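Participant: Quick one, what's the 3D model for this:
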Amino acid sequence: MKDKVTISNIAELAKVSKTTVSFYLNGHFHKMSEQTRDRIRQAIEDTGFQPNAAARSLNAKETRLLGVIIGDITSGFANQLIKGISDYARQRDYQLILGSSEFCNKYERKYVQSMYNMGVDGFLIQPSPQFDTMWKGLGIEKPLVYFDSPPLDTEEMYVKTDSYQAVFDAVRRAAERGYTRFALVTANPGFVVTRQERVSGFRDCLDQLDIPYDLVPADRDTDNAKLRTMLVDLCGKYENLCIFAVNNWLLKKVYAALEDYRDRIPEKLGLLGVDAFEWNDMVYPSITTIVQPAEAEGIAAGKLLIDTIEGKNPGQTQRVLPCQLREQTSTQKPDVK
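Facilitator: Numbering: from 1, shown residues only. Sure, this is the predicted structure:
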């Protein structure tokens with residue numbers, strides 16, 4: 001008996017991926033080159049391939065599955081955001097398929113292709129800088145909503161927080177408290193849009209106020225001792241210094257590095273960060289943070305996607321949510337202006 005021909009066989013003969021064959025079989029080939037379409041068609045004719053009717057219809061019917069790809073699933077922000085998406089999706093009788101990409105475009109591509117083949121009705125994505133170009137190249141005709149860090153000037157739907165204004169206002173408030181020198185601890189500022197916006201808000205505020213600042217480069221792999229040396233050097237040079245850590249995981253590293261200088265907080269040393277949901281209430285001095293409405297962002301993103309899937313008017317398709325400044329011990333200088 002002749003072996004059954006599979007999509008893998010067609011992909012091998014046509015010298016394309018299985019996902020490309022799947023796209024072809026489901027009619028999603030408007031962005032494929034004519035040569036690619038011809039190779040797949042010829043392979044099907046040569047082998048007498050008969051695609052499974054159920055498999056072919058999988059992406060043509062509703063599955064009530066949502067594909068969610070998050071860049072960093074380890075933070076409290078991510079946990080709250082996913083909770084918002086999940087709780088809202090459950091109310092609308094949808095389920096999630098979740099992937100954590102570590103902001104790696106290679107992983108994003110694999111997740112998108114796998115989720116598409118599972119027949120998800122739409123995608124919710126916290127993208128890497130390369131995602132938008134990749135997505136356009138795939139030609140997938142499924143609704144997409146970005147969350148947290150949508151590409152600059154994108155025409156796709158998104159929900160995000162106003163990171164620029166939140167940082168601008170928080171730094172200005174710290175300056176009003178009497179801090180006269182600032183330092184920004186950040187990894188690559190251009191890696192994700194959210195980080196770009198925070199760095200811009202920090203710089204623009206201090207440039208307007210004509211207050212000097214220093215940049216302290218650090219990422220996940222930065223040795224704690226090296227970071228401590230850089231921060232101790234700044235603490236030794238300046239009084240009334242306020243340090244801003246651009247995200248939650250850097251704030252943890254900075255707080256640990258300042259162990260021997262915490263007695264200066266807040267009179268001679270200020271500390272400002274973002275989120276820190278899961279640990280800020282357990283430390284002293286507690287840290288002033290910009291709090292993002294993570295769960296609300298997840299709910300809004302889920303609603304936007306599901307309304308679009310169901311053909312309902314989603315209203316505003318690009319939403320920016322305000323953050324809150326939670327002032328704690330670390331910036332509460334007694335000489336408030």
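Participant: I'd guess L184 is in a helix, am I close?
Facilitator: No - using DSSP: H, G, I helix; E, B strand; the rest coil, the secondary structure at L184 is strand, not a helix.
Participant: any idea how far the residue sitting nearest the centre point of the chain is from D72?
Facilitator: Geometric centre of the chain, nearest residue: Q126, 3.6 Å, by CA atoms, centre = their mean. As defined by CB to CB, to the nearest Å, Q126 lies at a distance of 8 Å from D72. C-beta here means a position set from N, CA and C on the backbone, and glycine is covered the same way.
Participant: Tell me which helix or strand E108 sits in.
Facilitator: With elements taken from DSSP states H and E, the one containing E108 is helix 105-118.
Participant: got the contact list for that helix?
Facilitator: Helix 105-118 has contacts (CB atoms under 8 Å, 6 or more residues apart in numbering) with 17, 19, 22, 58-59, 63, 65, 67, 69, 97, 99, 101, 123, 125, 127-128, 130-131, 134-135, 138, 140, 142.
Participant: switch to 6 Å and redo it
Facilitator: With contacts defined as CB atoms under 6 Å, 6 or more residues apart in numbering, helix 105-118 is touched by 19, 22, 67, 69, 97, 99, 101, 128, 130-131, 134, 140.
Participant: Go through it and flag the buried ones.
Facilitator: Neighbour counts over helix 105-118 (16 or more other CB atoms under 10 Å) mark 107-109, 111-113, 115-117 as buried.
Participant: same check, this time on stretch 303-320
Facilitator: 303-309, 314, 319.
Participant: for it, what is the average pLDDT?
Facilitator: Per-residue pLDDT over stretch 303-320 has a mean of 90.
Participant: ok now that stretch, how far from the chain's centre?
Facilitator: 19 Å (CA atoms, centre = their mean, to the nearest Å).
Participant: re the thing from before, ok, which pair from the contacts of helix 105-118 is furthest apart?
Facilitator: S22 and S128 (23.4 Å; CB to CB).
Participant: ok, the closest residue to K83 other than its chain neighbours - contacts?
Facilitator: Spatial nearest neighbour of K83, chain neighbours left out: E295 (5.8 Å); criterion: CB to CB, 6 or more residues apart in numbering. Listed by CB under 6 Å, 6+ apart, the contact set of E295 reads 80, 83-84.
Participant: ok, 7 Å please
Facilitator: Going by CB atoms under 7 Å, 6 or more residues apart in numbering, E295 touches 80-81, 83-84.
Participant: buried subset of those residues?
Facilitator: With neighbours counted by 16+ other CB under 10 Å, these contain buried members at 80-81, 84.
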